[in-house]
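Q: Show me how the following folds:
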Amino acid sequence: MDRAWINRYINLGGARLGGGNTTLLERWQRCVLEDIVGCCVAKSGSLRLSDDGASLRRVTRPNNEPVPFIWSEDFDGLFNFQERRYLVNFKFPNSTGGNQSRTAKLLYHFFMAQIRYLNANPECTDVFLNILDGDHIYEIIPSYLNVLNQNLNAGVCGRIFIGDSYTLNQQWPIV
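A: A predicted model of the protein is given here:
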């Protein structure tokens, strides 16, 4: 899914993404996910993880927290399915460059916080869905999966999905 594909099928040939169009990709991903899971995927209400994975809670204004920089971005979506809570992260970087490199690095830290959270809380039933669409990010998903496999305790395996919408559709509901 490169820029031309995005412009043709999501942006419908409209103006370049940016400004008021910045949420088009996330809205598209949310609609695709809702079709896959068969239910509404609501916004998470500012649920965030601390970098050390010790805390998952609502933080609406991280800059007002005693240590503001430990909080991740908020999850993009939330839904319940078969007695589990699914926390969703959407990303759609579609080309190379500085912003995409920063996104890739921030995702690594976000995934590590998810791993630390699940390893520290094996009794929780949360599942993290990280849906990464776009040509650029697709190429590095195997590297993220290696990090996941090397760091996640056996008791909580299968509770973090890292992949694109197509792969999720193929694997759902066995994620």
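
Q: The lengthiest helix in the chain packs against which elements?
A: Longest helix in the chain by number of residues (criterion: DSSP state H): helix 98-120. In terms of contacts (3 or more CB pairs under 8 Å, 6 or more residues apart in numbering; DSSP states H and E), helix 98-120 is packed against strand 47-49, strand 84-91, strand 127-132, helix 135-138, helix 141-151, strand 160-163. C-beta: built from backbone N, CA, C; applies to glycine.

Q: quick one: contacts for the spatially most central residue of the chain?
A: The centroid of the chain falls nearest to residue 89 when counting by CA atoms, centre = their mean (2.0 Å). For residue 89, the contact set (CB atoms under 8 Å, 6 or more residues apart in numbering) comprises 75-76, 110, 128-131.

Q: Look up how far residue 41 lies from the residue lying closest to it once chain neighbours are set aside.
A: Leaving aside its chain neighbours, residue 89 sits nearest to residue 130 (4.6 Å; criterion: CB to CB, 6 or more residues apart in numbering). As for residue 130, its distance to residue 41 is 14 Å (criterion: CB to CB, to the nearest Å).

Q: can you list the helices and strands packed on helix 98-120 in a markdown table and add mean pLDDT and distance to residue 34?
A: Supplementary listing: those in a markdown table, determined by pLDDT from 0 to 100; distance: least, CB to CB, whole Å:
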| stretch | mean pLDDT | distance to residue 34 |
| --- | --- | --- |
| strand 47-49 | 97 | 18 |
| strand 84-91 | 96 | 10 |
| strand 127-132 | 97 | 12 |
| helix 135-138 | 85 | 21 |
| helix 141-151 | 94 | 22 |
| strand 160-163 | 96 | 16 |
